[in-house]
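[1] I'll drop the sequence and a predicted model, then ask my questions.
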Amino acid sequence: MIKMPCMQENMNSPILQSLRRGSDPRAATCRGKLQSKRSKLNMEINKELMLRSGAENLFKASTNKKMKETVALELSFVNSNLQLLKEQLAELNSSVELYQMQNNSEVAVPMIPLGLKETKEIELRDSFKDFILEHYSEDGTNYENQLAELMDIRQAMRTPTRDNNGIALLFEYYNQLYFVERRFFPPDRSLGIYFEWYDSLTGVPSCQRTVAFEKASVLFNIGGLYTQIGTRQDRNTEEGLDTAVDNFLRAAGTFQYIHENFTNAPSMDLGPETLHMLVQLMCGQARECLFEKTEITFYEKKNPDIALCLELGQEAAHVSDVYEKVFEAISHPPVKDYVPFSWVSLAQVKQEHYRALANFYIAVGLLDHEGDLDKKTRETLQFLHDIRPDRAGNNAVRPTVPESKDLRMYLGKAHLREALLMHEEALRVNRMCRELRKKDILQEVLRLSHDRSLNKYADVDDEDDFQEVLEPPPVMPATTYQLTLAFPDFSQYKVSDLFKSLGPVAVFSAKHHWTAPRTIQLRKKEDEGYGFSVRGDAPVVVAGVEQNSLADIGGMREGDYLVGIGDHDVKWASHADVVKEIKTAQNNLKLRLVTPLDRSMAKSNYKEKTPVKSVKSLMGGSISPTSTTSSSSGLSVSHSYSPEDGFSPASSESSGSTREQFRNNKKAWSIFKKPPRERRNSRDDFIEENIIFR
């Protein structure tokens, strides 16, 4: 991983605030010049696309023949420039050296990392402030700090550091989008906010109004960052290889999550075919690292036994088999016409290279073994070769177990010849790709592997050997490792809702509608009740209003939400806190209420209830902490709280309440208290309602 000296300094410094959150705007130092060049090329491609669009419109609108000829000539120049820019971008995407492991003391096959999607800076402040005023009936200027924080997070996530801090920053912004989408993006209209992202490979811009596009693009960058972190690991150590495997599997899980949860992608890099290919590619690279881990054990032993060699051979065959699937996924349209040609060639090179290594390690085990074969080795050799017709042909015959040294020599030399042929095929495919020819590391790996097989064959070859040449069937792929995709763990990166003061997001969201807040002032005498009851938490709901009571005359209605008591905002208040506030007000109560306008929300206030708990100490009436759940219909949304909210719809304590309990406490101070003649019927009516509410 990149070690940044500045990270060791005081992280509370305002200058280093973005660094502490996993962002480094100094792209030239931390993200490399490659990403800066990609950004410039993206801008140039966007400029040429706009020029082409304008020229095409002019060509269609023009009726002058000479003008059309001029525009057609200009279009040819624009298309030529656009093609050159795309080729330059493809060449940059093939520049894998900048992402490879830092310790190059030993050469290794290069991995394929992904570049990150670029995005433009967008202005959200004015649109969000207008929506807060219009929809939430609050002054948008009171949320300047929250809006500035959201803009800072988005700006920072455009340049994440290539480490776990950068991953955490991207997850922080993604989780924050959960709240932003529900607060500010109603399903029935648009705020005029467009999210624009550039394709990670072609640089073609795509623009959408949906937050889903923003979320999918951020997730793609999370996966891309995992690939870069995995590629940067030191693969000469077991620890580095384990970290690389973990990051590649996390990348594969992220791309699979996008594939399963986001549809109708506007750009190719988010398309289902591309994502499927990327999942296959990342799993292949994880398998490759596991093979290299087994190889370290081979080199650490002075005299590796035949069992380890056979295991290595089958592991290499398995890696080759995985890259064969990658090659199939990457070499078919539309993916083939989208990804750099060097990716297609590299997948084919690795397929042949690891097939050659499979034959080489089988040969080493057979040629270097002394003595008799044990039972386990004999069983392995018995089923070592793949004789399926689609793999070995219709006339393939399984070789007999080589019990004697001469038979092992005969079979070992046959596998060495196969290894040499496949190494030469890998070198040929590598030479056919102009971009891969420039990769010195890859050339060195292929050459060294070929020379090693050639030297081994020269050591055992006997010029006087006129025995018939054997063509062994392919090595049967097998592995001791079971891989599992690591899907994104969003709960690991908890965030707090920046706009929490607007109220619980399950109720006060862009999908729901309610009236503007209204203020009600209630004044009563000492022996008089207000005439209403409340239930629930965050927000507390008016459960009942008695006819002709002070609350009824003041304008309170069943189902209203209490958003303020006195000068205190109570949208997030618990049932107990609201009871306390009402008690504190004594005989002069000032309330701020809103009435929900969604039918589903209004109906839900009377359907699903938890048992009612009578609070006798508050004016004798029932203040019951019953919670509700709303079903989604029309403009309403399900009452579901995320763990970050800190509240749940049923966070109040609840216990049973019966008619007998009320009757045994007739002298209690009732919230519906009236003259004795009218009191019995009203109270009984209220008791019946609360039983229904239960």
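    Thanks, I have it. Numbers count the residues shown, from 1 in each chain.

[2] Can you classify residue 174 as helix, strand or coil?
    Following DSSP: H, G, I helix; E, B strand; the rest coil, residue 174 is assigned to helix.

[3] Run a quick neighbour tally on the nearest residue in space to residue 546 that is not next to it in sequence.
    Using CB to CB, 6 or more residues apart in numbering and skipping the chain neighbours, the partner closest in space to residue 546 is residue 531 (4.2 Å). (Each C-beta comes from the backbone N, C-alpha and C, glycine too.) A count of neighbours around residue 531, defined by other CB atoms under 10 Å, yields 28.

[4] Next, give phi and psi for residue 531.
    phi 90, psi 30 (degrees, to the nearest 10).

[5] Could you report the distance from it to residue 136?
    From residue 531 across to residue 136, the span is 29 Å (CB to CB, to the nearest Å).

[6] Show me where the stretch 451-600 of the chain has its helices.
    550-554, 575-585, 599-604 (DSSP state H, counting those that start in this stretch).

[7] same question but for the stretch 101-250 of the chain, I mixed them up
    125-135, 144-157, 164-184, 211-232, 238-261.

[8] Export those helices as JSON lines, with columns for mean pLDDT, distance to residue 395 and mean neighbour count.
    Putting those into JSON lines (pLDDT from 0 to 100; distance: least, CB to CB, whole Å; neighbours: other CB atoms under 10 Å) gives the following:
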{"stretch": "helix 125-135", "mean pLDDT": "92", "distance to residue 395": "71", "mean neighbour count": "16"}
{"stretch": "helix 144-157", "mean pLDDT": "92", "distance to residue 395": "59", "mean neighbour count": "17"}
{"stretch": "helix 164-184", "mean pLDDT": "93", "distance to residue 395": "53", "mean neighbour count": "21"}
{"stretch": "helix 211-232", "mean pLDDT": "94", "distance to residue 395": "43", "mean neighbour count": "24"}
{"stretch": "helix 238-261", "mean pLDDT": "95", "distance to residue 395": "39", "mean neighbour count": "21"}
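
[9] Endpoint to endpoint, stretch 543-562 covers what distance?
    Length of stretch 543-562, first residue to last, CA to CA, to the nearest Å: 11 Å.

[10] Repeat that for stretch 154-172.
    10 Å.

[11] From the centroid of the chain, which residue is nearest?
    The centroid of the chain falls nearest to residue 219 when counting by CA atoms, centre = their mean (3.6 Å).

[12] show me the contacts for that one.
    Residues near residue 219 by CB atoms under 8 Å, 6 or more residues apart in numbering: 174, 254, 257, 258, 262, 488.

[13] And these, which is closest to residue 590?
    When the contacts of residue 219 are compared for distance to residue 590 (CB to CB), residue 174 wins out at 41.3 Å.

[14] Which parts of the stretch 501-650 of the chain are strands?
    518-523, 532-535, 540-545, 561-565, 568-569, 588-594 (DSSP state E, counting those that start in this stretch).

[15] circling back: mean pLDDT for the helices of the stretch 451-600 of the chain: which is lowest?
    Among the helices of the stretch 451-600 of the chain, helix 599-604 has the lowest mean pLDDT, at a mean of 56.

[16] ok, what's across the strand from residue 562?
    residue 540, residue 593 (DSSP bridges).

[17] which residues sit in contact with the closest residue to residue 224 other than its chain neighbours?
    Distances taken as CB to CB, 6+ apart put residue 114 closest to residue 224, at 3.9 Å, once the chain neighbours are dropped. Contacts for residue 114 (CB under 8 Å, 6+ apart) come out as 200, 223, 224, 227, 228, 251, 278.

[18] Out of the helices of the stretch 451-600 of the chain, which gets nearest to residue 410?
    Using CB to CB, the nearest of the helices of the stretch 451-600 of the chain to residue 410 is helix 599-604, at 79.0 Å.

[19] For residue 42, list the residues it contacts.
    Residue 42 neighbours (CB under 8 Å, 6+ apart): 89, 118, 198, 203, 205.

[20] and the second one, how many neighbours?
    Residues near residue 118, counting by other CB under 10 Å, number 23.
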